[in-house]
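Asks: Pasting the sequence and the predicted model now:
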Amino acid sequence: MDDMDKALEALKVQIKKEIIDNYFAERRQLEEDIQALEDKAAAYRQEYAKLSVPFSALYAALEREAAIHRVMQVLSLEDWPFYTDYLHLPPAAREALLKKYPAHGFTAWGRYLHRVLDVYRDLVAGCRSLKEPYDKVAAHLRLLNEDIRKFNQSFDFSLIAAQVGAMDGTGEPIGGGLLSGEREELARRMSFKQRKLTDEEAPPLPALPPVEAVKGKFKAVLREFSP
């Protein structure tokens, strides 16, 4: 082997090494980004869980399941968030939820309605405070999946194998060769799947209208439930 052949062989080795080093470096970066997304989603879930308090307070203020049903219809909420948690609360705990909402008004009906509106106002504020964290999780997920798409394109096993094979002047870039099924399995293991977050992993926020937008509807549907 002359000096030129030795130089070409050394270059081939260096190129292969760079391919491997780049692959594992970018893979490590993606794995860290996936972990960062999971951490961000976990932090969001912890904050979302705190909505159990204002939702339960709303249920307690409404008092009756029929009234809750009507209000949930107004809010277009088919599933009643945290209602199971509310049902597990003892009466004393339900009353405690309303201590920060003193009844005010000249009539029993007015006191009932104003308390419901006061609780609902806090609930809307709580949901609004979580919109930015939820949007950040969603944006992180979109960017991560774009990086995954680019990674899978850059490190497509079939493409890498063909390049290395062409570099070596053989059709078998890996000693001994690989069967078709083995190649597919290796390609699968080298790539990343697009990430998804379920509603349990990143609960979507209910789209609650401001109190001014529902005050009239609340009056109409709750009048029959006045104490």
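Replies: That came through fine.
Asks: can I see the domain layout of this protein?
Replies: Annotated domains of the chain cover 43-154+200-225, 156-190 [automatic domain parsing].
Asks: tell me the most buried of these?
Replies: domain 43-154+200-225 (a mean of 15; mean count of other CB atoms under 10 Å). The C-beta positions use only the backbone N, C-alpha and C, and glycine is treated the same way.
Asks: before we move on, the earlier item: to Ala36, which of the domains of the chain lies closest?
Replies: Closest to Ala36 of the domains of the chain is domain 43-154+200-225 (CB to CB; 7.4 Å).
Asks: Just send the domains of the chain back as CSV, with distance to Leu37 and mean pLDDT too.
Replies: Shown next, in CSV, are those (distance: least, CB to CB, whole Å; pLDDT from 0 to 100):
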stretch, distance to Leu37, mean pLDDT
domain 43-154+200-225, 5, 95
domain 156-190, 21, 54
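Asks: can the ones you listed go into a markdown table with extra columns for distance to Ile34?
Replies: As requested, these are exported to a markdown table (distance: least, CB to CB, whole Å):
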| stretch | distance to Ile34 |
| --- | --- |
| domain 43-154+200-225 | 7 |
| domain 156-190 | 16 |
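Asks: So which of these is nearest Phe24?
Replies: domain 156-190 (10.5 Å).
Asks: any idea how far the residue nearest the centre of the chain is from Arg28?
Replies: The centroid of the chain falls nearest to Ala202 when counting by CA atoms, centre = their mean (3.1 Å). Separation of Ala202 from Arg28 (CB to CB, to the nearest Å): 24 Å.
Asks: what does Leu75 give?
Replies: 45 Å.
Asks: Could you do Pro227 as well?
Replies: Taking CB to CB, one finds Pro227 at 63 Å from Arg28.
Asks: for Lys193, helix, strand, or coil?
Replies: For Lys193, the assignment made with DSSP: H, G, I helix; E, B strand; the rest coil gives coil.
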